[in-house]
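Novice: show me how the following folds:
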Amino acid sequence: MRKAFICLIALMISATFTFAQTTTVKGKVTDRNGQPLEKVSVKEKGTSGGTFTDRDGNFSLSASSKDAVLVFSGAGLTEQEVTANSGYADVTLAPSAILLGAVEIVGTRSLKRSATETAVPVDIIPISKIMNTVGQVDLNQVLQYVAPSFNSNRQSGSDGADHVDPASLRGLGPDQTLVLVNGKRWHQSSLVNLFGSRGRGNTGTDLNAIPAAAIERIEILRDGAAAQYGSDAIAGVVNIILKSSVNQGTANVSASTFMTGYGKSLKDADGNKIMDKQTDGLTINANVNYGFTLKNNGFINITGDYLNKAKTYRSNFKTPNEDDPRRKAGDGSVENYSLFFNSGFPIKGNTSFYAFGGIGYRKGSAYAYTRSAGSSRNVPAIYPDGFDPLIGSKIGDKSVSFGIKTKFGGWNTDFNATLGSNRFEYGVSNTLNTSLGASSPTKFKAGGFQLAQNMFAVHLNKSLKLLQGLNVAVGTEIRQDQYKIFKGEIGSYKQYPNPDDAPGGSQGFPGFQPADETNKQRVNWGVYADGELDVNKQWMISAATRVEKYSDFGWTANWKLASRVKITEKFALRGSVSTGFRAPSLPQINFSNTFTNVAAGVTSEVVIAPNSGSLAKLVGIPALKQETSLNGSFGFTTKPIRNLSITVDGYMVNIKDRVVLTGYFDQSDDAIGTILQDLNIGSAQFFTNAVDTKTKGLDIIATYSFRVGAGKLSTTFAGNFNKLEISKVKTASALSGKEDIYFSLREKYFLQASAPNHKLSFGFEYKLNNFTTNLRFTNFAAIDLIDYDPKLEHFKARTVTDLSFSYLANEKITITVGGANIFDVYPEFRADPGLTETGTRFEALQMGMGGAMYFAKVGIKF
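Specialist: Next up, the predicted model:
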C-alpha cells in the first residue's frame, strides 16, 4: 500500500511538472498589408497536433513549452517559423516567391515594402471580404462607397454612358486614372462619353468587366505615377489583385431589389404627383471561385460569375401646362457573363510561368428620351401613344496576360505580354425610322466600336547593399493600340426621301454611317528607371523617370521624387512631387458620328468630327497632344495608441491641355460658318486640348478597433475634401473669342461637379461570436449645375445610410441581409424635368436615383 501511494504521488508530480511546461500561444496572422489570413496552418514543429486561423486571422494553440517552435504555412504563402516565447505571436506571411513570383505593392517596385511603408498613400481594399457585407454587386458601385477619393455615377438617358459607368479618382477625368490587373496595364473601354453629367469627352476603363468574385484585393495609389507606370496615371493607379487561393472554393448567391417611395411624400409642393411607389430593379448575382493545386506547387484559380439586373423605372408625371416629359427613366437592365482565371506554374529553380485574364459578355438595355404621340419623330400608325426607344448594348471584353519570371544575372526579371480588347455594339429597339413612315422596322443594329491593346514588356529589379538597402528597377514596354468604328445597318442612319422631310435614322440613337468608319493604330515605346534607397532605418527616398515615344504626337519625359521619414515608431511623414502625362486616346482622336438631316429639300449633316479628319484641320482645330500635369503631395501617418491608425495626405494636381468636346458650331458662325455651309454640314463638334485645371485636396483616413462587451467594434472614417478650379480655356486661333461655345459655362459646371468638394464615410463593424453588423453613413457634397434654361441649380448635400447583418451559420456558410440607402434618399427634386440632363425630376448625382435597395446573400465555402 505504501509503495502504491508513493507511485501515485510521483505520478501526480510528474503530471503537474508536464502541465507546467505547456504554454498557450495566441496571435494573429496577416498578410503584408495587414489583412487577416484565414485557414493558415499553425503547428508545433515535430508534432502532429495543430490548428488553423479563423476568419479574422486569429489562432490559439497549446504548445509543449516556451521553447517550442511554431510553423505557419498556407497555400501560396511562404512558410515561417516562430518560437512560442511570451505566449503571444503576431505573424506576417509573404506570398510564395516560387508560386506567385515576386509580388509588388502598387507605387513601389521594391519586393520588401508593404503598403504601410510606401512614400505615397496606398489604400488596400479587401474586396473578397467586403463583398460579403454590401448590397452592391458591381465593382464601380462597391468602390464608390468604400474608397473616399473614388467617384462613380450611374447615368440615365446618356447613350453609351448608361452601360459603362464613368469613374474617377480625386475628381479628375475617368481616363486620368490608370488601371492595372496583377500589376499589368489593362485595356480601356472603347466607349468615349458624349452625354451625361460626368466624364464628357473622356474614355476610361470598364471596371465592371472584372467580376468582384475574382478579386482578392484592390490597391488604390492616390498619387501621380506617370513616371513609374506611364500614360493615364495622373490622378493615381487602381491595381486589381486576382485571387490565388488553392484547395478551397467559394460560392455566392445574392438577390436585391429597390423598394422606393414607401413612407414618403410622392407629391410636389403644389400637390402634383411626382413619383410612384416602386419595387423594381431585381438583381440576381451568382458566382463560384475555386483554386486547384497543380504539379510542382503550381496553381490555377478560376471564377465564373453571372449577373442579371432588371431596369428601374422612375416615372415622370405630367403636371398642368407642362410638355410631355420623359416617361421612362432609371437604371438600365444588364445581363452579364464572365469567366476569369489566375495561374502560376513553376518551371525550374527560380523560373516560373504565369497567366491570368478573362472573358466577359454583357447585354444591356436603357431607355432613351420619349417620343410623344404628337411628335414629328413619331409615326402614329406604329405608336399611337408615342414611344420610348430602348438603346441596347452588347459589350464583349477579352483579356489575357502571361509571362515568365526568373533570375537573370542576379536581377528579378519579368518578361510579359498583355493583350486585351473591348467591343461595344449598339442596337436600338422599340424605335422606328420616321422617314420610312408606317413601313419602318422597329429595331435596328446601329454599329459600334472596338478598342484593342497589345503590350510587350520586360521588367527588372534588384536589391543592392547600399546603406540600409537600395532597390533598383528598370524596364521597357512597347504597346500597340487599335481603334475601329463599324457602321450600322442602313436603316439605322439613312434619311429616306419623304414629302414631310421627316427625320431619318433610328430614333433614340442614330447608327454609325459608312463615313464614320475608321480603323486606326498607334504604337508607343517607353523605358523607365526607378530606385528606392533606405538611407537609414528612419529615412527612405525614391526617384523615378520615364521616357516614351508615341507614333502620333511624339516624345514625352516625366520624373518623380518621393520620401518617407519615420519620426518615431508611431509617426511618419511622407511626400512626393512629380510630373505626369496622359496621351489622348485613340477614340478621342478618331471618334466620328454623323447624322444626316434633310429640311426643305436641303441636305445637311450634324457631326462630331474626328480630330484626325479633314474638317478639323480645315477649321483650324489643332491635332490632339498629351495632357501634362504637375503633382505634389504631403502627409503623415500615425498610430498614437494600439488599434488606432490615422493617415492625412494633402495633394495638388495642376493639369494643362485637358481634352474636351466642344459645343456645336453651326453655319451661322462668323468664323467657320461658311466652311460648314460649303460642306453641307449643319453643325459640328470637335475634340480639342482646351482646358487647364488646378485641383487641391485632402484625404483623411482613420481606423480604430476596440472591445465592446464580448464583441469587437471596428470603426472607420474616410474623407476626401476636394476643390477644382478651371484656370484657363484655350480656343483654336480661328475660333478666338468664342469660349462660350468652345467650352460653355454649362460644361464648366459639369467638369467641376465631377470633383465634388467632399465625400465623407463613417463605417462601424461589430463582431460578436458568429454575428457581424455593418453600419455605414456616406455623405455626398452639394453640387452646382447649369440647366438648359440656363440657370444655376444647387443640389443640397445628401447622406446615405447602409446597414447589413451577417450570420456565420457554421464554418462554411454565411448568411447576410441588409439594405443600401435604407432611408430612401434621392437627389434634390426638380420641378421641371425638361431642364435636367436626365430629362427627369432628379439629376444623376453621386447617390444615384434608385432610392432604397434591400438585399440578401448566402456565401458558401468548400
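
Novice: where does the stretch 501-650 of the chain have low pLDDT?
Specialist: Confidence mapping of the stretch 501-650 of the chain against pLDDT under 70 gives the ranges 596-604.

Novice: sketch out the helices for it, chain order is fine.
Specialist: Using DSSP state H, counting those that start in this stretch, the helices of the stretch 501-650 of the chain run over residues 586-590, 614-618.

Novice: quick one, which of those is packed in tightest?
Specialist: When you average the neighbours per residue for each of the helices of the stretch 501-650 of the chain (mean count of other CB atoms under 10 Å), helix 586-590 leads with a mean of 24. No exception for glycine: its C-beta is placed from N, CA and C like everyone else's.

Novice: which other helices and strands contact it?
Specialist: Counting contacts by 3 or more CB pairs under 8 Å, 6 or more residues apart in numbering; DSSP states H and E, helix 586-590 is packed against strand 443-464, strand 470-486, strand 518-534.

Novice: quick one, helices of the protein?
Specialist: With helices called from DSSP state H, the chain shows them at 2-21, 97-100, 127-130, 139-146, 226-229, 586-590, 614-618, 673-678, 739-742, 745-753.

Novice: report the buried residues of the fourth one.
Specialist: Think helix 139-146. 139, 140, 141, 142, 143, 144, 145, 146 (16 or more other CB atoms under 10 Å).

Novice: got TSV for the helices and strands packed on helix 586-590, with mean neighbour count too?
Specialist: Formatted as TSV, the helices and strands packed on helix 586-590 follow (neighbours: other CB atoms under 10 Å):
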stretch	mean neighbour count
strand 443-464	20
strand 470-486	19
strand 518-534	18
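
Novice: for the nearest residue to residue 688 once chain neighbours are set aside, list the residues it contacts.
Specialist: Ranked by CB to CB, 6 or more residues apart in numbering and with sequence neighbours excluded, the top spatial neighbour of residue 688 is residue 621, at 5.5 Å. Going by CB atoms under 8 Å, 6 or more residues apart in numbering, residue 621 touches 609, 611, 686, 688, 732.

Novice: which regions of the stretch 1-150 of the chain lie under the pLDDT threshold?
Specialist: For the stretch 1-150 of the chain (pLDDT under 70), the answer is 1-21, 32-33, 75-77, 86, 95-104, 109-116.

Novice: rerun that using 50 as the cut-off
Specialist: Low-confidence segments of the stretch 1-150 of the chain (pLDDT under 50): 1-2, 4-6, 8-20, 97-103.

Novice: and if you look at the stretch 301-450 of the chain?
Specialist: Checking the stretch 301-450 of the chain against pLDDT under 50 turns up 321.

Novice: which residues in it form strands?
Specialist: Along the stretch 301-450 of the chain, counting by DSSP state E, counting those that start in this stretch, strands occupy 333-348, 351-367, 390-408, 411-429, 443-464.

Novice: look up which residues are beta-bridged to the closest residue to residue 360 other than its chain neighbours.
Specialist: With sequence-adjacent residues excluded and distances taken as CB to CB, 6+ apart, residue 360 is closest to residue 338, at 3.8 Å. Under the criterion DSSP bridges, residue 338 forms beta bridges with residue 305, residue 360.

Novice: identify the residues contacting residue 338.
Specialist: Here residue 338 is in contact with 209, 210, 211, 214, 303, 304, 305, 358, 359, 360, 361 (CB under 8 Å, 6+ apart).

Novice: and residue 659, how far from residue 611?
Specialist: 9 Å (CB to CB, to the nearest Å).

Novice: wait, what's in contact with the residue nearest to residue 289 when sequence neighbours are not counted?
Specialist: Spatial nearest neighbour of residue 289, chain neighbours left out: residue 303 (4.5 Å); criterion: CB to CB, 6+ apart. Shown in contact with residue 303 (CB under 8 Å, 6+ apart): 211, 213, 214, 243, 287, 288, 289, 338, 339, 340, 341, 358.
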